[in-house]
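A.B. asks: output the structure for:
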Amino acid sequence: MLRLITLTGEGGSSLARFAGIRWTIIGLFVGAMVINYLTRSILGVAAPVILAEQHISSAEYSWITGAFQLGVMFQPVCGYILDLVGLKLGFSLFVGVWSLLTMAHGLATGWLGFAGLRGALGLVEGSAQPAGMKLVAEWFPARERGTAGGLYNIGASFGAVFAPPLVAWAVLTHSWRAAFFVAGGLGLVWLVAWLLWYAPPRRHRALGAAERELILSGQEAELAGDGVKGAPRPPLRTLLVRRELWAIAAARFLADPVWGMLSLWMPLYLTQVRQFDLTQIALFAWLPFLAADAGCLFGPAVAAWLGRRGWSLVDARRGAFTVGAVLMTGMMFVGSVESPMAAVALLCLGGFAHQTLSVTVITLSSDLFPQRQVATATGVAGTAANLGVLIFTLVLGSMVDRVGYQPFFVLLGLLDLVGATLLWTLIRKPAA
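C.D. replies: Here you go, the predicted model:
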């Protein structure tokens, strides 16, 4: 996708440029998503050690994780700020703050201290999904958005993949606190690269005319306008009254508790129920997230396959979501199988299925809303998603010691079928 070309500039000078700058932009953003979800996932992996050291109960831990979800629910505010001040400046501020807050976790004591930091971290880290969707809407033609969205969501899974070995290294060589210091430092390093390389496609110094034309001509005229000086911003009420927004929000509300289970509760489940030690957590707890990476590519591939067979773009996305929802039913059996390895395999299926459907429903925002509303729309849907995780984690934390994990696995296996039904019944396809 990248190739070096030579252009003749003014005065006969030669200018070397890469054709495919948009892919370097999405590659850079993948790094941000890796770090974002690494910082989110460290607490869940380190939870067995932290809870024992700090004398934190399951119910108190649910409030710590709930504080993060409460903070992330302000995604619409993050999205509105990104739409208002622009992606480069807005996202730079969010990344800088979340990096410092992550490092502050290494100084935390007591469940209230952790809850306060998690709430603040959730507030700023909620900017990642709106920023990613805005970047995809700005930098990619419609036919490439599914692939681009899948690529940047791989970063979310890889962040969770890296968390178990990082925590194991930190605990065995230093302390769990070192993991937070390392992850926060990585965010500050990434921020420098972002400031040096990112600019909108209309102003990027390395973007050639041919690629700029490919990007702009491949975007829907009715959704364009971002990056154009003086372009009008649609009123917020025009977004909030659209039923498509609430269909996407409802589907994400039902889908994201699976990710909450994998990233926040799975290490505790494997420790408490399957009797895994820290070494086994480091060896196996990252596998569902590796499977999720494959799902990030499988979802767009299914949508592309359906598109080649005559399905409209929106229907193809809904079809891919439905495939993921059917696969998710395997989660119902995690708690009932006898073999710990079979349970891990079913958790891997859950991670794969979740990202298959998640990346497609997130990408729908860029297919249905104007560029100057994409980040806000993604933020609203993200709030619904994190509300689902918040409710799920508080209920699980209050009941798990009495009823166990199995009822929650059954629930997770069924919710996405309801979400698929809502997408098919509430979303109207754009006029041709």
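A.B. asks: quick one: mean pLDDT for the helix or strand W23 falls within?
C.D. replies: Counting by DSSP states H and E, the element that carries W23 is helix 21-54. Mean pLDDT, taken over the full extent of helix 21-54, equals 92.
A.B. asks: C-terminal to that helix, what's the next element?
C.D. replies: Per DSSP H and E, the helix or strand that comes after helix 21-54 is helix 58-72.
A.B. asks: who are the packing partners of the next helix or strand after that next one?
C.D. replies: Towards the C-terminus, the helix or strand next in line after helix 58-72, according to DSSP H and E, is helix 75-85. Under the contact definition 3 or more Cβ pairs under 8 Å, 6 or more residues apart in numbering; DSSP states H and E, helix 75-85 sits against helix 87-105, helix 128-139, helix 371-403. In short, each C-beta sits where N, CA and C put it, glycine included.
A.B. asks: residue ranges with poor pLDDT in the protein?
C.D. replies: When the per-residue scores of the chain are filtered using pLDDT under 70, the ranges that remain are 1-19, 219-234, 431-432.
A.B. asks: let's see 50
C.D. replies: Applying pLDDT under 50 to the chain flags residues 1-16, 226-230.
A.B. asks: neighbours of G146, just the number please.
C.D. replies: G146 sits with 28 neighbouring residues when counted by other Cβ atoms under 10 Å.
A.B. asks: secondary structure element holding it?
C.D. replies: Remark: G146 resides in helix 145-173, with elements defined by DSSP H and E.
A.B. asks: wait, which of the helices and strands packed on helix 75-85 is closest to V302?
C.D. replies: Evaluated with Cβ to Cβ, the helices and strands packed on helix 75-85 place helix 128-139 nearest to V302, the distance being 18.1 Å.
A.B. asks: show residues contacting the closest one.
C.D. replies: Contacting residues not belonging to helix 128-139 are listed as 22, 25-26, 29, 32-33, 36, 75, 78-79, 82-83, 87, 90-91, 94, 145, 148-149, 152-153, 200-201, 215, 219, 223, 226-227, 362-363, 365-366, 371, 374-379, 382 [Cβ atoms under 8 Å, 6 or more residues apart in numbering].
A.B. asks: do stretch 55-72 as well
C.D. replies: Residues external to stretch 55-72 that are found in contact with it (Cβ under 8 Å, 6+ apart): 40, 43-44, 47, 50-51, 111, 114-116, 118-126, 260, 264, 268, 382-383, 386-387, 389-390, 393-394, 396-398, 400-401.
A.B. asks: just the buried members of those?
C.D. replies: Burial of the contacts of stretch 55-72 was assessed by neighbour count (16 or more other Cβ atoms under 10 Å); the buried members are 40, 43-44, 47, 50-51, 111, 114-115, 118-126, 260, 264, 268, 382-383, 386-387, 389-390, 393-394, 396-397, 400.
A.B. asks: just checking, Y152 touches I26?
C.D. replies: Yes: under the contact definition of Cβ atoms under 8 Å, Y152 touches I26, with a separation of 5.8 Å.
A.B. asks: who has more neighbours out of those two?
C.D. replies: The neighbour count for Y152 versus I26, taken as other Cβ under 10 Å, is higher for Y152 (28 against 21).
A.B. asks: and the nearest residue to that one once chain neighbours are set aside, how close does it get to F94?
C.D. replies: With Cβ to Cβ, 6 or more residues apart in numbering as the criterion, Y152 has its nearest non-adjacent residue at 4.7 Å, and that residue is G132. In this structure, G132 lies at 12 Å from F94, with Cβ to Cβ, to the nearest Å as the measure.
A.B. asks: higher neighbour count, these two?
C.D. replies: Higher neighbour count among G132 and F94: G132, with 29 against 23, using other Cβ under 10 Å.
A.B. asks: circling back: return the set of buried residues in the helix holding W23.
C.D. replies: Of the residues in helix 21-54, those with enough neighbours to count as buried (16+ other Cβ under 10 Å) are 21-23, 25-26, 28-51.
A.B. asks: kindly report the same for stretch 183-202.
C.D. replies: Within stretch 183-202, the residues scored as buried using 16+ other Cβ under 10 Å are 183-184, 186-187, 190-191, 194, 198-201.
A.B. asks: any chance of those residues in CSV, plus distance to S175?
C.D. replies: What follows is the buried residues of stretch 183-202, written out as CSV (distance: Cβ to Cβ, whole Å):
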residue, distance to S175
A183, 14
G184, 15
L186, 18
G187, 20
W190, 24
L191, 26
W194, 30
Y198, 35
A199, 40
P200, 42
P201, 44
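A.B. asks: what's the burial count for A294?
C.D. replies: Neighbour count of A294, defined by other Cβ under 10 Å: 16.
A.B. asks: can you pull the contacts of it?
C.D. replies: Neighbour list for A294: 352, 355 [criterion: Cβ under 8 Å, 6+ apart].
A.B. asks: could you check the angle the helix or strand hosting it makes with helix 145-173?
C.D. replies: According to DSSP H and E, A294 maps onto helix 287-308. Interaxial angle of helix 287-308 relative to helix 145-173 (axes from the mean of the first three to the mean of the last three Cα atoms, to 10 degrees): 180 degrees.
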